[in-house]
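Q: here are the coordinates; sequence isn't available:
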């Protein structure tokens, strides 16, 4: 059957759409999704964390998604999934209420005569499309967005309101860019002139572009700089959160995910399937192997050659205790020197 986002479905329809085993009455109507402790008789919920298992006996949900392990303990209709959290993620697509966009070009849009647009394109109010831009089929460009000269979007891309795409930026298929994001801005390239007065910095003009692969999503207010000579490259399936900075010439491997406020210096190579927690800082001109996972607020200062989880910095402490530890940290070198003297004395 054809699903219309935002409508209600029977539990049996949901089971069929997600290819899950149904236990119990499949005729109940499900209007929305909610956590176990907040769900009502109109909602479906899910159990993906064992520490919430007790809520199965108290939830008011009409149905729940559970693993086979918890199916017998569930007294309400259930969908059985090996990975309930993944099933929940897929279910959200059925209830997504994102407003549709009419396949039309708003009269206030400014579109260059040389631009090429595929079928089913939607252009919002005050959009500017530059010379020689290419838009694939079914692209949606929302209000106040700019796509500058010689840039291209693959099929089914969506640029939310107030996105800025500079010149010579290429997006693959099924790319979503959220509001306020800037792609293709100049990298931070400058050289001291040696002059004490007058022009102290000589700008390095950024001659590369940005290449973004298929199925990439970029969050709000993120900046991805163009390359100085070569392109900055974001490979297929990469997920980038809000307020991320990616400097010029970086390469990010397939299916890597960057959480909010990650900052990456130039000419850094990131491997495939990596994850970076919020606030991670990454120095430039280094390489990070595939399947590396960096915890939040870490500072990456050197190349990482092996897969695994990495952390840096100190965890939160009461302020009084942290101040004492900070003082001790500054004393480590002198303590080390004293310890070496003691060890030499004992050896003699």
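A: Perfect, thanks for sending it. Given the structure is predicted, the values throughout are model-derived calculations rather than measurements.

Q: Can you name the residues bridging to residue 293?
A: Beta bridges link residue 293 to residue 275, residue 309, judged by DSSP bridges.

Q: Is it in contact with residue 273, as I believe?
A: No - taking Cβ atoms under 8 Å as the contact criterion, residue 293 and residue 273 are not neighbours in contact, 9.0 Å apart. Yep, even glycine has a C-beta here, placed from its N, CA and C like the rest.

Q: Helices along the stretch 1-150 of the chain, start to end?
A: Shown for the stretch 1-150 of the chain, the helices assigned by DSSP state H, counting those that start in this stretch span residues 11-18, 68-71, 84-95.

Q: for the second one, packing partners?
A: Contacts of helix 68-71 with other secondary structure elements, assessed using 3 or more Cβ pairs under 8 Å, 6 or more residues apart in numbering; DSSP states H and E, are made with strand 78-80.

Q: Identify the neighbouring strands of the strand it packs on in the sheet and state each direction.
A: With DSSP bridges as the test, strand 78-80 pairs up with strand 21-23 (antiparallel), strand 63-66 (parallel).

Q: Report the distance from the last one to the chain centre.
A: What it means is strand 63-66. Averaged C-alpha coordinates place strand 63-66 at 28 Å from its chain's average position (Cα atoms, centre = their mean, to the nearest Å).

Q: Pull the residues that contact it.
A: 11, 20, 24, 28, 30, 36, 44-47, 56, 74, 76-81, 84, 87-88, 91 (Cβ atoms under 8 Å, 6 or more residues apart in numbering).

Q: rerun that using 6 Å as the cut-off
A: Outside strand 63-66, the residues that touch it by Cβ atoms under 6 Å, 6 or more residues apart in numbering are 11, 44-47, 74, 77-79, 81, 84, 87.

Q: quick revisit: out of the strands paired with strand 78-80, deepest packed?
A: Among the strands paired with strand 78-80, judged by mean count of other Cβ atoms under 10 Å, the one packed with the most neighbours on average is strand 63-66 (a mean of 26).

Q: pLDDT of that strand, averaged?
A: Per-residue pLDDT values across strand 63-66 average out to 96.

Q: ditto for stretch 339-348
A: Stretch 339-348 comes out at a mean pLDDT of 89.

Q: Stretch 151-170 now?
A: Per-residue pLDDT values over stretch 151-170 give a mean of 98.

Q: again with stretch 277-284
A: This predicted structure assigns stretch 277-284 an average pLDDT of 97.

Q: Okay, buried residues for it please.
A: Of all the residues in stretch 277-284, those buried under the rule 16 or more other Cβ atoms under 10 Å are 277-282.

Q: Just the residues contacting it, thanks.
A: For stretch 277-284, the external contacting residues (Cβ under 6 Å, 6+ apart) are 259-268, 294-301.

Q: just stretch 106-113 next, same as before
A: Stretch 106-113 has contacts (Cβ under 6 Å, 6+ apart) with 123-131.

Q: could I get those residues as JSON lines with distance to residue 110?
A: Output for the contacts of stretch 106-113, formatted as JSON lines (distance: Cβ to Cβ, whole Å):
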{"residue": "123", "distance to residue 110": "10"}
{"residue": "124", "distance to residue 110": "12"}
{"residue": "125", "distance to residue 110": "11"}
{"residue": "126", "distance to residue 110": "8"}
{"residue": "127", "distance to residue 110": "7"}
{"residue": "128", "distance to residue 110": "5"}
{"residue": "129", "distance to residue 110": "7"}
{"residue": "130", "distance to residue 110": "9"}
{"residue": "131", "distance to residue 110": "11"}
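
Q: just those now: which is nearest residue 137?
A: residue 123 (13.5 Å; Cβ to Cβ).

Q: can you pull up the bridge partners for that closest one?
A: Under DSSP bridges, the beta-bridge partners of residue 123 are residue 105, residue 141.

Q: TSV please, covering the strands paired with strand 78-80 and showing distance to residue 322.
A: Supplementary listing: the strands paired with strand 78-80 in TSV, determined by distance: least, Cβ to Cβ, whole Å:
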stretch	distance to residue 322
strand 21-23	51
strand 63-66	42
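
Q: between those strands, which one is nearest to residue 244?
A: strand 63-66 (31.4 Å).

Q: longest helix in the chain, by residue count?
A: Longest helix in the chain, counting residues (DSSP state H): helix 332-347.

Q: got the buried residues for that one?
A: By 16+ other Cβ under 10 Å, helix 332-347 has no buried positions at all.

Q: going forward, begin numbering at 2 instead of 1
A: I'll keep to 2 as the first residue from here, and by that count the last item is helix 333-348.

Q: Excluding chain neighbours, what is closest to residue 275?
A: Once its chain neighbours are removed from consideration, residue 275 has its nearest residue in residue 257; the separation is 4.4 Å (Cβ to Cβ, 6 or more residues apart in numbering).
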